[in-house]
Every structure is written in C-alpha cells, then in structure tokens.
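*Asks:* let's see this in three dimensions:
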Amino acid sequence: MKNRHISKKRAAVAGTAVVALVAAGLTFQTANASEGSPQFTVKSLTATAAGKLSSTLGKDLGADAAGSYYDASSKALVVNVVDEQAAEVVRQAGGKAKIVANSLKELKSARQTLSDKASIPGTSWAVDPVTDKVVVTADRTVKGDALAKLDSVVKGLGGKAELKKTAGEFKPLIAGGDAIWGSGARCSLGFNVVKGGEPYFITAGHCTEAVQSWSDSQTGAEIGANAASAFPGTDYGLVKYTSDVPHPSEVDLYDGSTQPITKAGEATVGQTVTRSGSTTQVHDGQVTGLDATVNYGNGEIVDGLIQTTVCAEPGDSGGALFAGSTALGLTSGGSGDCSSGGETFFQPVPAALSALGAEIG
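*Replies:* Numbers count the residues shown, from 1 in each chain. Predicted structure coming up:
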C-alpha cells in the first residue's frame, strides 16, 4: 500500500547542568580583569540540540524562564528571562539571553483567561516566544459580536496578548478521497509504531473517531482496525494492523524515496519541519508556537498542539510532521491551503505515544 510507508515518525544553577555543558566544549573568553568574570560565547546549535538545551535551562531557571526559540539564521537558542541574574545563567550555558516583560506564568494566566472568556469557534492561541505574547488568531468565520468579544478580551490582557486574523477557516483536515480509507472518509497514515511487540500505526484522533476500520484504497480490504482514539481535547488515534502488509518505520516523500524514522522528539519554535500527507504530499515550514489551543467548533477544542506555517488540506489529517529521522507530530487541522498558505496544527507524537503505550518502530 502506497501510503502505509508514510510512517508518517535564580539562583545559581545546580552545578551539574552548566558544568556538564562546559565540559562538553563550551567556549568562553576572559573578560577585562576589572570585570572579574568570564564572558561566554553563544553556542552554534542544530535545532535538535537547541531543543535539548532549552529543556535543560527550562528546568534550571524555573519561574525565571519565559520561553525560548531557535534562531535559524544564527543557529542559536534564544531564551527569554525576566532579569539579569537569570540571563547570566543562560549565557553560561551557551544560549542567547533576552530579557522580556512577561514571564511564562503571566502568559499562561493570559491563556487561561482566553479559555475562560473567549472559547469561540474559529479561534486559536499560543505563546509566541519571539514577541513574548500570546498570539490569538481569528479565522474568517469569527465576525460581529463574536469578534468584538474576542477583541475586548485580548485588549483586556494588555501587553500579554495580540489579535490577528487569518483568511482561512480552522477545521480538522479530513476528507473523502484516497490514502487510508474508511466509511467514505480519507485521512493519512502518520507513523508506524509498535505496542506489545505488535505492529500498529498512529493517525489523527478525529479520523479514528469517525472511522473504525481502515483500508489502503477506497474499496480495498481492511488492513487495520481502531485500537484507541482521543478527540477532542487531544487528537491522536491508534490502529492495529489486521493484515500482513509491510509496515516500515519511514515516511513517504512522494518522489520515489522515503525518510527513515528512528525516534520521536519534541518540536522547537523556529525549527524547520516537513509534513507528508496524502492530499498535498510533502511541504516544509517552520514551527511558530507550542502548546497551542484550537477551537475547531461544535465543542471540538484541542490543546497542546504544535503550530506551524506548513500548509495542509483536507485528507492530510493524521499525516506525519517530522525533522530528519525524528517524528514530531500528526496533522490535526488548520486554515488555508497549499496555494495561499495559512496555519496548520499538529498533535505532538511523544505525548500520543506516552498515552498509548507505544513506540516508534
């Protein structure tokens, strides 16, 4: 089956973290003798390495952390902090410190206000570490009193949030067509996984909520049956293979080649990522937000999503978001298309695997 390949996979820092980084090759220059302290250089990092450093610093800084992102042009991890003492910790670890006005606690509080007062169909929000704000997006269906209400709530948050509009419409990207089929609906296979030594694949939960049995063609025999499904709230589903078909751990690149997938990982804001799906095939873009909330409508609210600039269209649902050999996400939904752009949201793979008790394989 063509698409089964889609395996569409403030204090001082506790000495251990920083010492380990220095021991691993962190370079520094000696400052003027009058300053009496070393000046550390910003490390050149891959997006994956930046994500790992971000995770370490997030734990070390605690309440002093205010988000982070990968600056692809300088290959540096930029870490938002609330004071100079925390900034020094970042510099010692090889990151680029940026002192900002809003702490993560304040931004999370702003998100909660939005959830309490502005859970309007056709809206989304996510913390943008580049602007140090919660970016709230309204799609084309948000008009009149609903838009006025949303605007009022955002303005009430002051410098912690900003409102923007998108020409598209937020919706789960399921459709009738080709790829993995069931009951007249089409989605895309995400990644092949293993659970209890048995082969399964994961896809979007709004796909498995609608369909119980899957085939690799519109009128083909069953290749898999649902084993678990979660939507809304989250958006992932698990399908157990019921036929003896190949299930390699790789993603279809739609050019006669595939990308092997060896592990799952967390996305990083600023990271370049790739999506493969049965409708629009392969497209690239950047991660613009994490832990995003999307209000698809009809009470279908999903939290914890990866927000990106990668385009997608109906039928791409469940398809793979990845970076190299690392599985990052499953296509959930979004606005726009691959001719006009828009935002697309993805269910993080690590969270799905953890909940399902499965692993890439």
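*Asks:* just checking, Glu228 touches Leu356?
*Replies:* For residue 228 the amino acid is Ala, not Glu. Yes - with contacts counted by CB atoms under 8 Å, Ala228 reaches Leu356, the gap being 5.8 Å. For glycine as for every other residue, the C-beta is placed from the backbone atoms N, C-alpha and C.
*Asks:* between those two, which contacts overlap?
*Replies:* Shared contacts of Ala228 and Leu356 (CB atoms under 8 Å, 6 or more residues apart in numbering): Leu238.
*Asks:* contacting residues around Leu183?
*Replies:* Small correction: residue 183 is Ser, not Leu. Ser183 neighbours (CB under 8 Å, 6+ apart): 210-213.
*Asks:* now, which of these sits nearest Gly297?
*Replies:* Ala210 (15.2 Å; CB to CB).
*Asks:* so where's the stretch 251-361 of the chain uncertain?
*Replies:* Along the stretch 251-361 of the chain, no part satisfies pLDDT under 70.
*Asks:* where do the helices of it begin and end?
*Replies:* 349-356 (DSSP state H, counting those that start in this stretch).
*Asks:* for the stretch 101-250 of the chain, what spans make up the strands?
*Replies:* Using DSSP state E, counting those that start in this stretch, the strands of the stretch 101-250 of the chain run over residues 123-128, 133-138, 161-165, 171-172, 180-182, 185-187, 191-195, 198-203, 213-215, 222-230, 236-241, 250-252.
*Asks:* what would the contacts of Ser183 look like in a markdown table with pLDDT and neighbour count?
*Replies:* Converted to a markdown table, these look like this (pLDDT from 0 to 100; neighbours: other CB atoms under 10 Å):
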| residue | pLDDT | neighbour count |
| --- | --- | --- |
| Ala210 | 83 | 19 |
| Val211 | 87 | 23 |
| Gln212 | 89 | 13 |
| Ser213 | 93 | 15 |
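*Asks:* what's the farthest-apart pair in these?
*Replies:* Going by CB to CB, the pair spanning the contacts of Ser183 furthest: Ala210 and Ser213, at 11.4 Å.
*Asks:* between these two, which contacts overlap?
*Replies:* 182-183.
*Asks:* okay, now the unreliable bits of the stretch 1-150 of the chain?
*Replies:* Low-confidence segments of the stretch 1-150 of the chain, defined by pLDDT under 70: 1-38.
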